[in-house]
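Trainee: please work out how this folds:
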Amino acid sequence: MTTSIPRASAILAGLALILLPLVAVAVKTIAYPGWMLVVMIYYSPILLIGYATQIVVAANGLLRERGVLRTGSAGRRPVIAAWLTSVAIVATAFFLIDGGDDGRYGSVFTELMGTSSTAAGESASMAVLTPLALLWVGGWLWLVIEWIVQLVLARRVRERFRLNSERGLDF
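Mentor: The predicted structure is shown next:
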């Protein structure tokens, strides 16, 4: 069964997949750009491959008029997965503790709460960060799996149509 996601929902989810990771990087660099930022740069090839995959999924699956995630059988699941991973990456950046060699550390959250460089602030931020990071990665995996499944299903439909056309069957 083929469903159709509303145009506005698909476009907003696709734009969120492209833009919100950039917002997350901006949020992360605002507060305490320290050793975690160095780790992000060190692992940037992996992060860039994931982001590039996300852009391809957004462009191919959600932003195109006949994108596989807009017209496939997945329903609203791809839109939910897109928003989950997009919002979770920004929230992860908001709660990610960072600091440098000067002994000061914190996150945007601890800065707003006034608990930077304290054990209580670090504990609170990390308690929220861990499930958010899992949601970010889990949402990304869910989205990519939905995209691959819909690509395979669309290919099967095209192949079945081609074979039926060659046989002279018109249904």
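Trainee: dump the C-alpha coordinates for stretch 94-108 into CSV.
Mentor: Extracted in CSV, the C-alpha atoms of stretch 94-108 (Å, rounded to 0.1, in the frame of the first residue of the first chain):
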residue,chain,number,x,y,z
PHE,A,94,22.9,21.8,24.3
PHE,A,95,23.7,19.3,27.1
LEU,A,96,27.2,18.2,26.0
ILE,A,97,29.8,19.0,28.7
ASP,A,98,33.0,20.5,27.4
GLY,A,99,36.0,22.4,28.7
GLY,A,100,39.7,23.0,28.4
ASP,A,101,42.8,22.7,30.4
ASP,A,102,42.0,25.7,32.6
GLY,A,103,39.7,23.6,34.8
ARG,A,104,36.4,25.3,33.7
TYR,A,105,33.8,23.1,32.0
GLY,A,106,30.1,23.1,31.3
SER,A,107,27.4,23.1,28.6
VAL,A,108,24.9,25.5,27.4
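Trainee: hmm, who's touching that stretch?
Mentor: 27-28, 30-37, 93, 109-110, 115-117, 121-122, 125-126, 128-129, 132 (CB atoms under 8 Å, 6 or more residues apart in numbering). Where you see a C-beta, it was placed from the backbone N, CA and C, and this is true even at glycine.
Trainee: got it, and stretch 120-138?
Mentor: With CB under 8 Å, 6+ apart as the criterion, stretch 120-138 contacts 84-85, 88-89, 91-92, 95-97, 105-107, 109-110, 113, 115.
Trainee: go on, stretch 15-24?
Mentor: Residues contacting stretch 15-24 (CB under 8 Å, 6+ apart): 51, 54-55, 57-58, 62-63, 82-83, 85-87, 89-90, 92-93, 143.
Trainee: just the buried ones from the contacts of stretch 94-108?
Mentor: With burial judged by 16 or more other CB atoms under 10 Å, the buried subset of those is 27-28, 31-32, 34, 36-37, 93, 109-110, 115-116, 121-122, 125, 129, 132.
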